[in-house]
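Asks: Structural data only, the sequence is not supplied:
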């Protein structure tokens, strides 16, 4: 079968009872399983935990196909190895048709030596008709979340994208409704507008940002996007007037650090942040850019000195923290778009600053001080030159 997601999706035709999301999930899931025997092994291991498979999986020789014809019935997906056939039926919020799994089983008994029927649904209440194994999409999300980054970067990107698809459709990690979140929901929505208001004022022409001398400031609101941040981006513009992250220097608020891969430092807190951003064209060059390495060390030392020279309240986390996910002793995931940053907990930053004018002044002063520290590093200007010479293709 063609291992091309778009080609495989094209074979679907609109039908009254078909669910486009189920079809899309099926092809996306099948494409992932075909692309990685490691993911395939993890999925089958999960099934085997719940109900023993007919035979051990053979990762060196397996096939994944979708919409095979079982005498006019079409199970969503088949996985075959040796003389074993695993029959998958995928549901989101629709129900099984009458005797649907029984029909698949009857055909399988007549045509395959060993068969095994799997039902994947949105929630447990949909587990009906006695499959050999029934699991939920959030189980699939969980096992994918446990897999370490795949060696093949393209396949790893695809796996992460599939997880995001599940999460976006309400099929990912399940968390209970939080009582505290209920109480403060309206205040939290207001906070977003307050951050936007502060950034609009901070970006006015009369604000003399130190980096504004060499890099163009642009307000970027990505609070509701995957980056979960809002701030002023200092960088050059490309010929088509897009932000040219070679580098971009973000100054603003980071609401959720999951995408940036800072959770090992930030936990589940909002932060005031200065973040270095890079186009994809620069990623492969970053580890071998000597001036960038020197600059990271220089700025880290200056941040340490800044913390030591001010009234840094460690109990309230009123200190700047450097996140350098490129350092040699760091073994976690790296988002190469944002590998280096300086952060302070947002609640600590605004702890003693209450009025809008005071908060604006505190933000501008703190970010200006960090920008001045960058400019004072001997390697900063050579680093900018070094990064700007990388070929851009994005």
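Replies: Ah, there it is. Computed from a predicted structure; not experimentally measured. Numbering: from 1, shown residues only.
Asks: Please enumerate the strands of the stretch 201-350 of the chain.
Replies: Here the stretch 201-350 of the chain has its strands, by DSSP state E, counting those that start in this stretch, at 216-222, 229-237, 243-254, 271-277, 321-324, 340-345.
Asks: just checking, which of these sits deepest inside the structure?
Replies: strand 271-277 (a mean of 26; mean count of other Cβ atoms under 10 Å). For every residue, glycine as well, the C-beta is placed using N, CA and C.
Asks: and residue 356, what is it in contact with?
Replies: Shown in contact with residue 356 (Cβ atoms under 8 Å, 6 or more residues apart in numbering): 197-198.
Asks: Next one, pLDDT for it please.
Replies: Residue 356 carries a pLDDT value of 91.
Asks: before we move on, what about residue 12?
Replies: Note for residue 12: predicted pLDDT of 48.
Asks: Then the one 3 residues further on?
Replies: Reading off the per-residue confidence, residue 15 sits at a pLDDT of 50.
Asks: Also residue 238?
Replies: pLDDT, residue 238: 68.
Asks: ok, now residue 394?
Replies: We have a pLDDT of 36 for residue 394.
Asks: among the strands of the stretch 201-350 of the chain, which is nearest residue 48?
Replies: Taking Cβ to Cβ, strand 321-324 is the member of the strands of the stretch 201-350 of the chain nearest to residue 48, at 39.3 Å.
Asks: just checking, what packs against the closest one?
Replies: Packing partners of strand 321-324 (3 or more Cβ pairs under 8 Å, 6 or more residues apart in numbering; DSSP states H and E): helix 263-266, helix 290-309, strand 340-345.
Asks: Neighbouring strands - and their directions - for the last one?
Replies: Read that as strand 340-345. strand 271-277 (antiparallel), strand 321-324 (antiparallel) (DSSP bridges).
Asks: tell me the angle that strand makes with strand 243-254.
Replies: Counting by axes from the mean of the first three to the mean of the last three Cα atoms, to 10 degrees, strand 340-345 points 20 degrees away from the direction of strand 243-254.
Asks: Please report phi then psi for residue 28.
Replies: phi -60, psi -40 (degrees, to the nearest 10).
Asks: what pLDDT does it get?
Replies: pLDDT, residue 28: 93.
Asks: Apart from its neighbours in sequence, what residue is nearest it?
Replies: residue 162 (5.6 Å; Cβ to Cβ, 6 or more residues apart in numbering).
Asks: Would you agree residue 152 is in contact with residue 36?
Replies: Yes: with contact defined as Cβ atoms under 8 Å, residue 152 reaches residue 36; the gap is 7.3 Å.
Asks: before we move on, back to that, can the strands of the stretch 201-350 of the chain go into a markdown table with extra columns for distance to residue 45?
Replies: Putting the strands of the stretch 201-350 of the chain into a markdown table (distance: least, Cβ to Cβ, whole Å) gives the following:
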| stretch | distance to residue 45 |
| --- | --- |
| strand 216-222 | 37 |
| strand 229-237 | 37 |
| strand 243-254 | 36 |
| strand 271-277 | 37 |
| strand 321-324 | 34 |
| strand 340-345 | 37 |
